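Visitor: Need coordinates for the following:
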Amino acid sequence: MSQQLPRRLESEAVGKIPILGLGTWKAAPGEVTEAVKVAIDAGYRHFDCAYLYNNENDVGTGIQQKIKEGVVRREDLFIVSKLWCTYHKKALVKTACYKSLKALKLDYLDLYLIHWPMGFKAMEDLVIAGLVKYIGVSNFNHEQLERLLDKPDLRIKPITNQIECHPYLTQRNLIRFCQSRDVSVTAYRPLGGSCEGVDLMDDPVIKTIAQKHNKSPAQILIRFQIQRGVIVIPKSVNPKRIQENIQVFDFELAEQEVDELLCLDRDFRMARFPIAENHKDYPFNIEY
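Guide: The predicted structure follows:
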């Protein structure tokens, strides 16, 4: 029997993007196909992919199996991929897009993002050609996004800025700026993960809030972003956690609890892209 998208998940979308999706970063090829199938059965319709993840072929296999089974139609899904830095030259952008489409076994993408803030112009041509429905950016700071939005020759506005975001990196100023310019925000690494001996889900404040609501720390972190109007894409290949992560529409955090989570901010960035630290467009050298 076809799984129906949970009513609140369908209604609580930011613009055109479903507010909760499945991240596929670092998901091993052998695991991610099953993860995608479990996620679709659980009600996920938004899948965040990228050429760099080296698993788009396996993601596509999972998607196609569920389409063949009649669980979903292609038009029910919102599939995202990203343009990697080696394809920023205008002549290579369409080639890169075709590579992802072929791997994912799709005729079009719902959203194509620049993975890092270098280049944008050729992305517009993909929309005009019908290869993608929407375009967006990732890891742009507010100055980079403002310059892009203010370009007089901008034909197609980016609909989202995908950034690292969690209670240790709340991104309040950047989110406020994006939303003021009618650009949605998508939070990657919303659960943090273990980095430099820091594990976000072991934080006592988060664990206390989770116990109060009889929810997991991961569910609290996902709900935190949803209540901020931020799209959230937690990654997992564990079937139990995939199902658990979508069960966040039956409770709400109190305003005081949201404030407590915001107060955990320590400007702790886990995805730093150190190889590009000396690049002129490296995004993390300014405040936000």
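Visitor: Pull up the gap between A103 and F268, please.
Guide: Relative to F268, A103 is positioned 33 Å away (criterion: Cβ to Cβ, to the nearest Å). Glycine gets a C-beta too; all of them are placed from N, C-alpha and C.
Visitor: So between the two, which is more surrounded?
Guide: Taking other Cβ atoms under 10 Å, A103 and F268 do not tie; A103 has more neighbours (19 against 16).
Visitor: quick one, what contacts the more buried one?
Guide: 51, 56-57, 59-60 (Cβ atoms under 8 Å, 6 or more residues apart in numbering).
Visitor: Of those - the most surrounded one?
Guide: That'd be V59 among the contacts of A103, by other Cβ under 10 Å, with 28 neighbours.
Visitor: Now do the same contact list for the closest residue to R266 other than its chain neighbours.
Guide: In space, R266 comes closest to Y168 once its chain neighbours are excluded; the distance is 5.2 Å by Cβ to Cβ, 6 or more residues apart in numbering. For Y168, the contact set (Cβ under 8 Å, 6+ apart) comprises 192, 198, 200, 264-268.
Visitor: Next, work out how far apart Y168 and E244 are.
Guide: Counting by Cβ to Cβ, the gap from Y168 to E244 is 22 Å.
Visitor: Next: A91.
Guide: 45 Å.
Visitor: returning to what we had before: give me the subset of the contacts of A103 lying in helices.
Guide: If you go by DSSP state H, the contacts of A103 have 56-57, 59-60 in helices.
Visitor: Would you mind checking which of these is nearest to A218?
Guide: V59 (21.3 Å; Cβ to Cβ).
Visitor: who's in contact with the closest one?
Guide: Counting by Cβ under 8 Å, 6+ apart, V59 touches 24, 32-33, 36, 47, 49, 103-104.
Visitor: Swap in 10 Å and give it another go.
Guide: Neighbour list for V59: 22, 24, 27, 29, 32-33, 35-36, 47-50, 53, 79, 81, 100, 103-105 [criterion: Cβ atoms under 10 Å, 6 or more residues apart in numbering].
Visitor: Please pick the buried ones from the residues you listed.
Guide: 22, 24, 27, 32-33, 35-36, 47-50, 53, 79, 81, 100, 103-104 (16 or more other Cβ atoms under 10 Å).
Visitor: Mind checking which of the residues you listed land in strands?
Guide: 22, 47-48, 79, 81 (DSSP state E).
Visitor: just curious, which of those residues is nearest to D250?
Guide: Relative to D250, and with distances defined as Cβ to Cβ, the nearest of those is L22, at 19.3 Å.
Visitor: roughly how far apart are the closest one and E31?
Guide: Going from L22 to E31 by Cβ to Cβ gives 12 Å.
Visitor: between those two, what contacts are shared?
Guide: What both L22 and E31 touch, as defined by Cβ under 10 Å, 6+ apart, is the set 236-237.
Visitor: Show me the strands in the stretch 1-150 of the chain, by range?
Guide: 22-23, 46-48, 78-83, 109-114, 132-138 (DSSP state E, counting those that start in this stretch).
Visitor: Now do the shortest one: which elements does it pack against?
Guide: Okay, so that is strand 22-23. helix 29-42, strand 46-48, strand 184-188, helix 239-245 (3 or more Cβ pairs under 10 Å, 6 or more residues apart in numbering; DSSP states H and E).
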